[in-house]
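In: got a sequence here, can you model it:
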Amino acid sequence: MAVTMITPVFQIQPQITTRLAVNLAHRIVFLLAVVLLPHSCFAQDEGFVPLFNGTDLTGWYAVETYNPRDFAAKDEADRKAVVDAAKKQTEKFWRVEGKEIVNDGKGPYLTTEKEFRDFELVLEYKTVAKADSGIYLKATPQVQIWDYTKAGGKWNVGADKGSGGLWNNSEGSNGKDPLVLADKPLGEWNHFRIRQIGARTWVWLNDKLIVDNAVMEDYWSKSPNKLPLIAKGPIQLQTHGGEIRWRNIAVKEFSSEEANRILDKLSEAGFQSAFNGTDFAGWKGPIENYEVVDELIRCKPHKGGTIFHEKDLSDFVVRFEFRLPPGGNNGLAIRYPGSGNAAYSGMCELQVLDSEHEKYKSLDPRQYHGSAYGMIPAHRGYLRPTGEWNFQEVTVKGSAIRVELNGTIILDGDLSKVTEYMANSPHPGKDRTSGHFGLAGHSDPVEFRNIRFKELKD
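Out: Now for the predicted structure:
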């Protein structure tokens, strides 16, 4: 409720080594475990780490709900003071009984000391009649838990649809309501599997998919300046209205490569490769200023210019990965005519920039990563650490442009509505209806790979 305040088939050939055969056998055992065993068993394999040791509340503290951005803005000493004070009151409200965490429905929320970015969470819970609870992801409400029966008294706010939905998403949005009612009868154990990559969220309750690739909204910011979900934060167990018990809590954190592969597999239909990984076939412009190394395109140091794919595009989606060196600067040419400065002669240049580098601390907001250069600023704070691969998707439709970085939408704007420009410099190309997709290098060895696009047809 609202916050108050497959099994794959492996054919092992004779020449496969014993070690490989053993590894394949282990993978088969794991995959069967995922399908056939409860999540409490599956959580012990494949990188899952217990968040609850079954004995005490080490690694947790109980705190009143808070805006994670406000908490992150505190200095380190102040954050530590908040956590230390919260630990002193934790056992007043939360206790451990027989490898279960128990709360009577009162008090602050149990919170992990560790923060998480891209992860999969598994846990089991059991609750009672008229209870109301939830799981906060990145300190944000929430994956809903409640009494789904009519006697629970909350059918008027959606309890009849069951638990597991992203209750604080806006009305009618994907994920707001669970796809199916999957709760077990009150008093029985339910198990959740929750995956979150950036702001994208999937929820399985008792092995049924009930939230499918929904963008979790940031409860803490409101329109018209609504922010995306914060990049990382703790997991919190909410409780009010009745006893709830938790057990077998574990988490697997995804590496940037793992998270990118998950995002890469979403809605693959219709995409075609723009780069063959070997040479610049299909590309034009000053390609001598770039190089192909290990199936990626890299701008040569101290070189640059705009190279572009030969395909003329109108409305399209482009997906790719990029990796920034410290202080790296590049850009995406959108609807580029084939000559001129991409930021002005094309529809726009979308910045590709190590935004948090010290040398860029005083830029205009419309110059940071993901921004439509000089016109619309993107939200900051969603790049992976410098040197890691990022996954980005750009959608261009009419005059509208959207940028999704690592699972979070950082720009969603309409260039036809832009009337103010950085340094009062006009952008004569912003109203172009077609052109090329390209890379606008600015002397730094920024790398790109897996570049694909899909044309959008009416």
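In: drop to CA atoms for contacts and neighbour counts, all remaining ones
Out: Will do.
In: dump the residue contacts of the residue lying closest to Lys359 once chain neighbours are set aside.
Out: Excluding its sequence neighbours, the residue lying closest to Lys359 (C-alpha to C-alpha, 6 or more residues apart in numbering) is Gly327, at 7.4 Å. Gly327 makes contact with 353-355, 357, 359-360, according to C-alpha atoms under 8 Å, 6 or more residues apart in numbering.
In: ditto for Leu110
Out: By C-alpha under 8 Å, 6+ apart, the neighbours of Leu110 are 60-63, 90, 94, 236-238.
In: specify the residue ranges that define each domain of this structure.
Out: With domains defined by automatic domain parsing, the chain comprises 6-36, 38-254, 264-455.
In: pipe those domains into a markdown table and attach mean pLDDT per row.
Out: Shown next, in a markdown table, are those (pLDDT from 0 to 100):
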| stretch | mean pLDDT |
| --- | --- |
| domain 6-36 | 36 |
| domain 38-254 | 94 |
| domain 264-455 | 97 |
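In: hang on, Ala214 in a strand?
Out: Yes: under DSSP: H, G, I helix; E, B strand; the rest coil, Ala214 sits within a strand.
In: tally up the residues packed near it, please.
Out: Here the count is done by other C-alpha atoms under 10 Å, and Ala214 has 19 residues near it.
In: that one: what's it in contact with?
Out: Counted by C-alpha under 8 Å, 6+ apart, Ala214 has contacts 174-175, 200-202.
In: can you give me the strands in the stretch 101-250 of the chain?
Out: 109-112, 119-127, 132-137, 140-146, 190-197, 200-205, 208-215, 236-240, 244-253 (DSSP state E, counting those that start in this stretch).
In: of those strands, which is nearest Gly413?
Out: Closest to Gly413 of the strands of the stretch 101-250 of the chain, according to C-alpha to C-alpha: strand 208-215, at 17.3 Å.
In: residues of the closest one that come out buried?
Out: 209-215 (16 or more other C-alpha atoms under 10 Å).
In: now the nearest residue to Pro325 once chain neighbours are set aside: which helix or strand?
Out: Counting by C-alpha to C-alpha, 6+ apart, Pro325 lies nearest to Gly387, which is 5.8 Å off, once chain neighbours are set aside. Using DSSP states H and E, Gly387 is not contained in any helix or strand.
In: if we can go back for a sec, looking at neighbours, which among the contacts of Ala214 is most surrounded?
Out: Neighbour-wise, the contacts of Ala214 (other C-alpha under 10 Å) top out at Gly175, 27 neighbours.
In: does that one touch Ser163 like I think?
Out: No: in this structure, Gly175 is not within contact of Ser163 by C-alpha atoms under 8 Å, at 11.4 Å.
In: that older thread, now the strands of the stretch 101-250 of the chain in CSV, with distance to Met347?
Out: Output for the strands of the stretch 101-250 of the chain, formatted as CSV (distance: least, C-alpha to C-alpha, whole Å):
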stretch, distance to Met347
strand 109-112, 45
strand 119-127, 36
strand 132-137, 37
strand 140-146, 36
strand 190-197, 30
strand 200-205, 28
strand 208-215, 27
strand 236-240, 43
strand 244-253, 38
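In: Lys303: which of the ones you listed is closest?
Out: Taking C-alpha to C-alpha, strand 190-197 is the member of those nearest to Lys303, at 34.5 Å.
In: mind checking the SS state of Glu258?
Out: Using three-state DSSP, the structure places Glu258 in helix.
In: quick one: list the elements packing against the helix or strand where Gly305 lies.
Out: Applying DSSP H and E as the criterion places Gly305 in strand 304-309. Strand 304-309 sits against strand 283-284, strand 329-336, strand 436-442, with contacts defined as 3 or more C-alpha pairs under 8 Å, 6 or more residues apart in numbering; DSSP states H and E.
In: can you list those strands in a markdown table and add distance to Val396 and mean neighbour count?
Out: Output for these, formatted as a markdown table (distance: least, C-alpha to C-alpha, whole Å; neighbours: other C-alpha atoms under 10 Å):
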| stretch | distance to Val396 | mean neighbour count |
| --- | --- | --- |
| strand 283-284 | 20 | 16 |
| strand 329-336 | 8 | 27 |
| strand 436-442 | 11 | 24 |
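In: so which of those strands gets nearest Glu404?
Out: Closest among the helices and strands packed on strand 304-309, using C-alpha to C-alpha: strand 329-336, at 13.5 Å.
In: list the contacts of the closest one.
Out: 306, 308, 312-314, 342-343, 345-354, 432-444, 446.
In: just the buried residues from the residues you listed, in ChimeraX please.
Out: Provided next is the ChimeraX selection string for whichever of these are buried by 16+ other C-alpha under 10 Å:
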select :306,308,313,314,342,343,345,346,347,348,349,350,351,352,353,354,432,433,434,435,436,437,438,439,440,441,442,443,444,446
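In: who does Asn330 form a beta bridge with?
Out: Val352 (DSSP bridges).
In: can you tell me how far it is from Phe322?
Out: For Asn330, the distance to Phe322 equals 10 Å [C-alpha to C-alpha, to the nearest Å].
In: show me what counts as buried in stretch 253-271.
Out: 253-254, 256, 259-260, 263-264, 271.
In: please disregard the earlier target; I meant stretch 287-302.
Out: By neighbour count on 16+ other C-alpha under 10 Å, the buried set for stretch 287-302 is 287, 289-292, 296-300.
In: noted, bye for now.
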